[in-house]
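**Q** Okay, predicted coordinates and the sequence, questions at the end:
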Amino acid sequence: MPTVKYKPTTPARRNMSVPSFEEITKFSPEKSLIVTKKKHAGRNSYGRITVRHRGGGNKVKYRIIDFKRQNANANTVVGIEYDPNRTAYIALLQDTEGTKSYIIAPEGLKAGDVVYSSAEADIKPGNTLPIANIPVGTVINNIELYPGKGAQLVRSAGAMAQLISKENGVAQVRLPSGEVRYIRLECKATIGQVGNVEHDTVKVGKAGKTRHKGIRPTVRGSVMNPCDHPHGGGEGKSPVGRPGPVTPWGKPALGYKTRNKKARTDKFIVKRRNAK
């Protein structure tokens, strides 16, 4: 997916680039597969802000994605659509009985293609199979962690994992982060790389595009008062006054590991993403 660059007619346009949307073939969502998406502005069920700098943004409807892929019928791709809720594009499928569903569109999938979800499916982009039936070395996406729960891993634009080996009822999969992880052979995965590969090359260009996504400005701690942030206070530009930068609540902000040291899923991790 190439990007479109503009002439610098305004300061915002100078460095802005946008997707060309060449892959998009369907421009309105399937009404039976959309639901209202309520805004929470970063607040939890108690009304307290748990994620800062959220609020506003464009009104969007949520597209119901079929992450379980339990329909074994032949599904024809009706079209490729834009989804405001994720970085990847989505594909609308329709089976022989007229049932429609959305899936994450892999790279190379186009309108008119037929995809399957079964153990006997061919190894081609868009088909979903148990990992036990996928050859070693295949590029995969939308991977289940628990059989039947639905895809949880490798779902964002341009992401892909690789199947490294299979033995003793588990497979070793290299994730996009570089982490190598054990995944059960009964878990399903989709063949190919997630589409919209050049998503990370898009330049926002102006503050307004971030506000449209519902993200509000972030203020630096060093320009706050001491009562608001540990970095605040001092005359003019001042150092943080600590061995390293910290969060507004005093926790280290760089390199501080937040993962539980007794996490039960540690046994499934073969190699850490930051292992030397």
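**A** Yep, it's here. The shown structure was predicted, so the numbers you read here are calculated from the model rather than taken from an experiment.
**Q** use CA for all of it now, contacts and neighbours both
**A** Fine.
**Q** contacting residues for the residue nearest to H229 when sequence neighbours are not counted?
**A** Spatial nearest neighbour of H229, chain neighbours left out: P248 (5.0 Å); criterion: Cα to Cα, 6 or more residues apart in numbering. With contact set as Cα atoms under 8 Å, 6 or more residues apart in numbering, P248 has these partners: 221, 228-230.
**Q** which non-adjacent residue is nearest A253?
**A** Of all residues not flanking A253 in the chain, V246 sits nearest, at 4.6 Å (Cα to Cα, 6+ apart).
**Q** Tell me, how many residues neighbour the one you found?
**A** 18 (other Cα atoms under 10 Å).
**Q** Do I have it right that it meets P230?
**A** Yes - V246 is in contact with P230 according to Cα atoms under 8 Å; the separation is 7.2 Å.
**Q** Report the separation between the residue nearest to A253 and L145.
**A** Distance of V246 to L145, given as Cα to Cα, to the nearest Å: 34 Å.
**Q** Likewise for L254?
**A** L254 sits 29 Å away from L145, going by Cα to Cα.
**Q** I'd like to check which residues are in contact with the residue nearest to A253.
**A** 230-231, 252-254.
**Q** for the residues you listed, which one is nearest A119?
**A** L254 (44.7 Å; Cα to Cα).
**Q** For the closest residue to the closest one other than its chain neighbours, grab the count of nearby residues.
**A** Take L254 and drop its neighbours on the chain: the residue closest to it by Cα to Cα, 6+ apart is P245, 6.9 Å away. Counted with other Cα under 10 Å, the neighbours of P245 add up to 17.
**Q** Checking V35 next. Helix, strand or coil?
**A** strand (DSSP: H, G, I helix; E, B strand; the rest coil).
**Q** Verify the stated contact: it with V60.
**A** No - under the contact definition of Cα under 8 Å, V35 does not touch V60, with a separation of 9.4 Å.
**Q** More neighbours: which of the two?
**A** Taking neighbours as other Cα under 10 Å, V35 and V60 compare with V60 leading, 16 against 12.
**Q** How about the contacts made by that one?
**A** V60 makes contact with 36-37, 84-85, according to Cα under 8 Å, 6+ apart.
**Q** Look up phi and psi at it.
**A** Phi and psi for V60, reported as degrees, to the nearest 10, are phi -130, psi 160.
**Q** That one and R216: what is the separation?
**A** Relative to R216, and taking Cα to Cα, V60 is found at 17 Å.
**Q** Helices along this protein, start to end?
**A** All helices of the chain, identified by DSSP state H, fall at 207-212.
**Q** just for it, where's the confidence low?
**A** 1, 276 (pLDDT under 70).
**Q** what are the phi and psi values for the residue of the chain most remote from its centre?
**A** Computed with Cα atoms, centre = their mean, the residue of the chain farthest from its C-alpha average is E235, at 42.5 Å. Main-chain dihedrals, E235, degrees, to the nearest 10: phi -90, psi 120.
**Q** Enumerate every residue touching it.
**A** For E235, the contact set (Cα under 8 Å, 6+ apart) is empty.
**Q** cool, the one 4 residues further on as well?
**A** With Cα under 8 Å, 6+ apart as the criterion, the residues that contact P239 are 222, 231.
**Q** State the phi and psi torsions of the most centrally placed residue in the chain.
**A** Closest to where the C-alpha atoms of the chain average out (Cα atoms, centre = their mean) is S156, at 3.1 Å. Here is the backbone geometry of S156 (degrees, to the nearest 10): phi -90, psi 170.
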